[in-house]
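> Kindly generate the corresponding structure for this input.
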Amino acid sequence: MTAATDFFDMTTAPLRIGTVRLKVRDLDAVSTFYQTMLGLRPIESHGHRITLGTGGTPLLELVGDPDLAPLDPRQAGLFHTAFLMPTRSDLARWFAHVAAARVPLQGASDHIVSEALYLADPEGNGIEVYADWPVDRWHDAKGEIRMSTDPLDLQDLLQSAEGTAWSGFPEEGSVGHVHLQVGDTVEADRFYRDILGLDIAARYPGASFYGSGGYHHQLAGNVWNSRRAGKRPKRMAGLDGVEVIVRDAADLAAIAARADSAGIKSTTNTGGLTLHDPWGTGITLKN
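This next block holds a predicted model:
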């Protein structure tokens, strides 16, 4: 039997994802989708802004503006927000839920480090829902993290639900990682590795996967749809910002110093330290 200690403890990572913020054109439709299909619950709502999460923990902030330009999938921005289920059984129960609702999936893969299912919200924002495999499965003989895109055995996954039904996003669930579309992976490495201090945990053709504390990735960037993309238009729907929780204050100070040395402008307020990546995505670092 697999013990809980066999799985990665995200709270030990120096950097982890907090809340993801999306700009949307139809706030009601998108909010309803995340509540009905993902099982997120409203935590806070102010006018054209709603925060969804689980157990009082915010995970997704939606900012509505009907005058935004529609999402352009060739622009830099969001590839997907990846919601991490605490257990494989939770993932199985969620899969049974969306299958019964006939929600179209865009993919299902075994990545060696995790099992993942893919879909999109009503405005085309990518979503991954996944569960990690135990950490001892992740590495090759040299201790390097291996990642692949193999077929997912959906029938075997369903059996792990153990006959129990989906009852909403688990309180222990989180945003495990955010996968970005970038214009250039070398430039992305300079920001996410050299400034934020993330490790390059793995590489794929056209993609870098950035991990903290030994995780396979809390952030990633690829050019599969967005090669040579410039800064994202400010008045376009899609990703607006990502909150990154920094465990130690000293690490946050070090990031601020590296950004300053590189000439990257930052703003500091009660929400934390905000930097913008080369494509305009706001990364807010919070201790």
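> Below-threshold pLDDT in this structure: ranges please.
1, 4 (pLDDT under 70).
> Please name the residues that touch the residue nearest the centre of it.
The residue lying closest to the centre of the chain (C-alpha atoms, centre = their mean) is residue 178, at 2.4 Å. Neighbouring residues of residue 178 by C-beta atoms under 8 Å, 6 or more residues apart in numbering: 17, 20, 78, 80-82, 218-220, 242. Backbone N, C-alpha and C define where each C-beta goes, glycine included.
> Look up the closest residue to it, ignoring the ones flanking it.
Spatially, and ignoring its direct neighbours in sequence, residue 178 is nearest to residue 242 (5.2 Å; C-beta to C-beta, 6 or more residues apart in numbering).
> burial of that neighbour, as a residue count?
23 (other C-beta atoms under 10 Å).
> Residue 91 too?
26.
> what sits against it?
85, 115, 117, 129-131, 157, 160.
> Apply 7 Å and report the result again.
Neighbouring residues of residue 91 by C-beta atoms under 7 Å, 6 or more residues apart in numbering: 85, 115, 129-131, 157.
> roughly how far apart are it and residue 116?
9 Å (C-beta to C-beta, to the nearest Å).
> Need the overlap of contacts for those two.
residue 130.
> Look up how far residue 92 lies from residue 163.
10 Å.
> what does residue 278 give?
For residue 278, the distance to residue 92 - C-beta to C-beta - is 39 Å.
> Would you state the helices of this structure in chain order?
Under the criterion DSSP state H, helices of the chain are mapped to 27-37, 88-100, 154-159, 185-192, 249-261.
> quick revisit: bridge partners for the residue nearest to the centre of the chain, pull those for me.
residue 81, residue 219 (DSSP bridges).
> Residue 7 is in contact with residue 132, correct?
Yes: Residue 132 lies in contact with residue 7 (C-beta atoms under 7 Å); the separation is 5.8 Å.
> who's more crowded, the two?
Using other C-beta under 10 Å as the criterion, residue 132 and residue 7 rank with residue 132 on top: 25 against 17.
> give the contact list for the more buried one.
7-8, 113-114.
> quick check, nearest of the residues you listed to residue 49?
Distance ranking of those against residue 49, using C-beta to C-beta, places residue 114 first at 31.1 Å.
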